[in-house]
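> Predicted model and sequence follow; I will ask about them next.
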Amino acid sequence: MILPFSTKINGRPNYFIEKIWLGLLFSGKYGNYMYNIYNKCYSDKFGESWDDKIGLLPKIHTIRLDNYNRWKEGNKMHLVINNRTDNEFHFTPQILCTSVQKIEITHENYPILKIDGIAIGFSKLQRLSSNEGFESVEDFFNYFKEDFEGKIIHWTNFKY
């Protein structure tokens, strides 16, 4: 399944390619393959090295709508930017979905976030927003401004 990503959120670079690469490197699944092959492809395609992105935190999952219940453990995923364009770039090898978790965000007097039906506290929310590639919980909720139901799609062994 194609899993498209943008390269900007609210007009600012999100560095999702680099953050996802870091997550895959730290998971130990792809190691030097990611570094050698994809760093070269990235450099050739974009004219810069992801080595220059010092201090980024890894992105180890993505949150998506799943109205048709398509995302399941074991799905083969192709992570891309610029999907269906001349600049389409598959920035990882084919990877497996290791698990999915249900996520719900509601905004009443304040945001409430549930994973698999259980409300999470602030420390877990900080970890989730970081693992999702956001710089802060505030940035996370600036993106998820509306009520939301979907799935956390994992490609590492980490779960909440």
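Perfect, I can see it now. Numbering: from 1, shown residues only.
> Run a quick neighbour tally on the residue nearest to residue 105 when sequence neighbours are not counted.
Of all residues not flanking residue 105 in the chain, residue 148 sits nearest, at 4.3 Å (Cβ to Cβ, 6 or more residues apart in numbering). Just so you know, the C-beta spots here come from the backbone N, C-alpha and C atoms, and that holds for glycine as well. By other Cβ atoms under 10 Å, 16 other residues sit near residue 148.
> distance of residue 148 from residue 3?
18 Å (Cβ to Cβ, to the nearest Å).
> Okay, buried residues for the strand or helix carrying residue 19 please.
Assigned by DSSP states H and E, residue 19 belongs to helix 16-27. Across helix 16-27, burial judged by 16 or more other Cβ atoms under 10 Å covers 16-25, 27.
> thinking again about what came up before, wouldn't the residue nearest to residue 105 be in contact with residue 111 here?
No: taking contacts as Cβ atoms under 8 Å, residue 148 lies outside contact range of residue 111: 10.0 Å.
> ok so, going back, pick out whichever of the buried residues of helix 16-27 sits closest to residue 129.
Among these, residue 19 lies closest to residue 129 (Cβ to Cβ), at 12.4 Å.
> Helices along this protein, start to end?
16-27, 31-33, 39-46, 122-131, 137-143 (DSSP state H).
> Can you tell me the centre-most residue of this protein?
With distances taken as Cα atoms, centre = their mean, the residue of the chain nearest its centroid is residue 62 (3.5 Å).
> Name the nearest residue to it, sequence neighbours excluded.
In space, residue 62 is closest to residue 153, 5.2 Å off (Cβ to Cβ, 6+ apart).
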